Structure formats: structure tokens, C-alpha cells
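[1] have a look at this prediction, sequence included:
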Amino acid sequence: MTVEVTDGTNSAATQVHITVLDNNDNAPVFSQPTYDITISEDTPPETEVVQVLASDRDEHHRLTYSLHSAIDPSSLRLFRIDPSTGTVYTTERLDHEARAQHILTVMVRE
């Protein structure tokens, strides 16, 4: 856009550059709806289990991952997630006889 001013005799013009910023109007989306992982009960603590991946169509987004819930709340103490990478780790050894399956819900936010 060019803006021109005048005092009736003299005039001057300048250009104005307008940048339109991207609005945060797109929700993050996981790369797949579920992640099915099988691990051994003798897996040591702090072992990487899986990395969940999400993307967002908005520019300059920074996604943060968290463990939101679990079918059995005691499962939440057995796993942790890196908030910036989405990598899930064990926090202690797992016991197949105590619980053969853990179903976790991961949440991602901008």
C-alpha cells in the first residue's frame, strides 16, 4: 500500500507493509489415532516406550504433551512423558501379573 500526503503544494509518499499474523485457529492433530506398543515386564525404568507425534497447521506453534488419564489410574505412576518431544518412558519395572495392559490418554496443547 502506498500512502501519499500533501499540503496543497508539496506532497510525499511512503510505502506501508502490512503483515497478517496467523491466528491460532487450528487444533493439533496426532499422527495416528492410537499407538499399540508391546514391551516386556523386565524392561528397566527410564526406557523409551514410544514417541507420540502431533502437528499443528498454525505457524509458530509449540506443542506440549502430557499424560492426561488412564483406564487404571495406577498406570499413570508407571509412565512419564517428555512434554516437548512426546516421548513416553517407563518410570519403574512393569509387572504383567499385576496389570497386563496399560491404556493411557495423551493430551497435546499449543
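    Okay, I see it.
[2] for this structure, which spans come out with low pLDDT?
    Within the chain, the set of residues satisfying pLDDT under 70 comprises 19, 21-24, 59-60.
[3] so what's the residue nearest the centre of it up against?
    Residue closest to the average C-alpha location in the chain (CA atoms, centre = their mean): Leu63, at 3.4 Å. Residues near Leu63 by CB atoms under 8 Å, 6 or more residues apart in numbering: Pro28, Ala54, Ser55, Asp56, Gly86, Val108, Arg109, Glu110. Bear in mind the C-beta positions are built from the backbone N, C-alpha and C, glycine included.
[4] can you do 6 Å?
    Applying CB atoms under 6 Å, 6 or more residues apart in numbering to Leu63 gives the contacts Pro28, Ala54, Val108.
[5] same check on Val106?
    Contact partners of Val106, counting by CB under 6 Å, 6+ apart, are Val52.
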